[in-house]
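Participant: Output the structure for:
(one chain, ligands or ions: 4)
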Amino acid sequence: MATVGQVIKCKAAVAWEEKKPLVIEEIEVAPPGPGEVRLKVEFTGVCHTDAYTLGGHDPEGLFPSVLGHEGGGVVESVGEGVTSVQPGDHVIPLYTPECGECKFCKSPKTNLCSKIRATQGRGLMPDGTSRFTCKGKTLFHFMGCSTFSQYTVAAEISVAKISKNAPLDKVCLLGCGISTGYGAAINTAKVEEGSTCAIWGLGAVGLAVAMGCRAQKAGRIIGVDINDDKFEVAKVFGVTEFVNPKKLDKKVSEVLIEMTDGGCDYTFECIGNVATMRDALESCHKGWGESIILGVAAAGQEISTRPFQLVTGRVWRGSAFGGWKSRSSVPRLVDDYMNKKLMVDEFVTFMKPLDEINEAFELMHAGKALRTVLIM
Ligand SMILES: NC(=O)C1=CN([C@@H]2O[C@H](COP(=O)(O)OP(=O)(O)OC[C@H]3O[C@@H](n4cnc5c(N)ncnc54)[C@H](OP(=O)(O)O)[C@@H]3O)[C@@H](O)[C@H]2O)C=CC1
Ligand SMILES: N[C@@H](CCC(=O)N[C@@H](CSC=O)C(=O)NCC(=O)O)C(=O)O
Ligand SMILES: [Zn+2]
Ligand SMILES: [Zn+2]
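Facilitator: Ligands and ions are numbered 1, 2, ... in the order given. From the prediction side, this is the model:
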């Protein structure tokens, strides 16, 4: 390939400053270093976490940067020592890598590989430098992925090689929201047959939780959202009942406890709001109810409840990327989609060109899109 070893000039949506629209720019993408992969991003979803960071709520947020972490692409070239992927392979970038060697990877209890977490959090490649420049300025990477660029560079341990038969315009969404919600129900909560579950926030993450609860044969799946428009679509993913807290004259936890004869077996917070995190915990059944936090709360926010809630057997946990050990699991999730065991198409509300990326953010904020997939 003519581009191997060369700087590639391409289009990217650059986040120059927090709280400002992204700007489509021509950027330069350097070749991959040792242990790195450069890929041509074909499609990317827009996740609420991109909006959270752009909105200035992320304590790790850095600018100028290239955001985006829900992509699908094709390997363009590989750096020295890379053996597990080669040019032409179809890959999904992973914000939770899997090195297979660190103590987190060796433990069956977590998926939080720590090998490159420190540099990733500083917006840099593992060697402490960036592969992006624009107008003479260095741009930071984001979550080890930076998929809002036509080309990006990721660590080898941060890409999953997937089937070439899988449509990248759909399976890119397995890079974050769908895998996260689905895995939180299956891997983190380990929802049991017949159990009663409730989900706060019926966006892509919350609806993927519903899909996971249904796959685990939950008895009741209660959706809690302030947007009535979400209720009809939620049924498609397995939600059986709905509660709109805005329409209640008492606390949502009181209503859920009444509805469920004492509380839910499992609750999931998929909003990123510390008040709803408390509601979700306090809607759990005494003695055994477990509440899983998926939502990402803004810098400075803290959760609170009466410790008595925990003393009396309720459990608070969190889930990152659905607990999936990423490199080994994402190719299997793609296969499950191809074998019709997992819904993905239903999460795509809009497809838009990269140039319309700011509209994709607006649609998310207006509650009109589960996911907008950008055509790069
Ligand atoms: N832990 C992890 O690994 C991951 C975490 N996340 C986080 O998960 C959260 C959800 O992401 P995503 O699904 O993309 O986001 P969305 O914005 O698509 O969905 C959030 C939903 O919550 C609803 N909502 C907002 N406020 C309330 C409220 N007070 N009570 C009930 N419902 C409410 C929204 O309604 P409306 O449409 O009206 O705004 C919307 O339907 C975010 O915080 C995101 O950062 C995402 C991916 C991975
Ligand atoms: N940078 C933020 C935390 C952001 C966060 O919690 N990210 C989730 C994934 S959200 C995806 O859309 C996650 O998996 N976190 C694990 C991690 O190691 O970052 C902050 O500092 O608050
Ligand atoms: Zn995400
Ligand atoms: Zn590791």
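Participant: The closest residue to Thr147 other than its chain neighbours and Cys172, how far apart?
Facilitator: Distances taken as C-beta to C-beta, 6 or more residues apart in numbering put Gly71 closest to Thr147, at 3.1 Å, once the chain neighbours are dropped. C-beta coordinates here come from the backbone N, C-alpha and C atoms, glycine included. As judged by C-beta to C-beta, to the nearest Å, Gly71 and Cys172 stand 5 Å apart.
Participant: joint contacts of those two?
Facilitator: Glu42, Phe43, Thr44, Gly45, Ile92, Thr147 (C-beta atoms under 8 Å, 6 or more residues apart in numbering).
Participant: so where does the closest residue to Glu98 other than its chain neighbours fall, helix or strand?
Facilitator: Leaving aside its chain neighbours, Glu98 sits nearest to Arg327 (3.9 Å; criterion: C-beta to C-beta, 6+ apart). Secondary structure assigned from DSSP states H and E places Arg327 in helix 326-338.
Participant: tell me how far that helix is from the chain's mean position?
Facilitator: 15 Å (C-alpha atoms, centre = their mean, to the nearest Å).
Participant: before we move on, back to that, Provide a list of residues in contact with the residue nearest to Glu98.
Facilitator: Leu94, Pro97, Glu98, Gly100, Ile157, Val159, Ala160.
Participant: Please name the residues that touch the closest residue to Gly262 other than its chain neighbours.
Facilitator: Spatial nearest neighbour of Gly262, chain neighbours left out: His285 (5.1 Å); criterion: C-beta to C-beta, 6+ apart. Going by C-beta under 8 Å, 6+ apart, His285 touches Thr260, Gly262, Gly263, Cys264, Asp265, Arg314.
Participant: Now for those, which sits with the most neighbours around it?
Facilitator: Cys264 (25 neighbours; other C-beta atoms under 10 Å).
Participant: Any idea how many residues pack against the closest residue to Asn187 other than its chain neighbours?
Facilitator: The shortest distance from Asn187 to any residue other than its chain neighbours is 3.4 Å, reached at Gly323 (C-beta to C-beta, 6+ apart). By the measure other C-beta under 10 Å, the count of residues near Gly323 is 25.
Participant: ok, now how distant is Gly323 from Thr96?
Facilitator: From Gly323 to Thr96 the distance is 10 Å (C-beta to C-beta).
Participant: Now for those two: what residues contact both?
Facilitator: Common neighbours of Gly323 and Thr96 (C-beta under 8 Å, 6+ apart) are Asn111.
Participant: distance of Val252 from Thr312?
Facilitator: For Val252 relative to Thr312 (C-beta to C-beta), the value is 19 Å.
Participant: Which one of those two is surrounded by more residues?
Facilitator: Val252 (20 against 13).
Participant: Next, the contact list for the nearest residue to that one once chain neighbours are set aside, please.
Facilitator: Closest residue to Val252 apart from its sequence neighbours, by C-beta to C-beta, 6+ apart: Pro245 at 4.5 Å. Applying C-beta under 8 Å, 6+ apart to Pro245 gives the contacts Val224, Ile226, Val252, Asp279.
Participant: Could you do Gln86 as well?
Facilitator: Val75, Val78.
Participant: hmm, the worst-scoring helix or strand of the chain on mean pLDDT in reach of ligand 1?
Facilitator: Sorting the helices and strands of the chain by mean pLDDT, DSSP states H and E puts helix 229-236 at the bottom, at a mean of 94. Yes. Against ligand 1, helix 229-236 shows contacts by C-beta under 6 Å from any ligand atom at Lys230.
Participant: Show the subsequent helix or strand relative to that helix.
Facilitator: strand 241-243.
Participant: For the helix or strand following that next one, C-alpha coordinates in PDB please.
Facilitator: Of the helices and strands lying after strand 241-243 in sequence (DSSP H and E), the nearest is helix 252-259. In PDB, the C-alpha atoms belonging to helix 252-259 read as follows (Å, rounded to 0.1, in the frame of the first residue of the first chain):
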ATOM      1  CA  VAL A 252     -40.000   6.300  42.200                       C
ATOM      2  CA  SER A 253     -38.500   3.800  44.700                       C
ATOM      3  CA  GLU A 254     -41.800   3.700  46.700                       C
ATOM      4  CA  VAL A 255     -43.700   3.000  43.500                       C
ATOM      5  CA  LEU A 256     -41.300   0.200  42.400                       C
ATOM      6  CA  ILE A 257     -41.300  -1.400  45.800                       C
ATOM      7  CA  GLU A 258     -45.100  -1.500  45.700                       C
ATOM      8  CA  MET A 259     -45.200  -2.800  42.200                       C
END
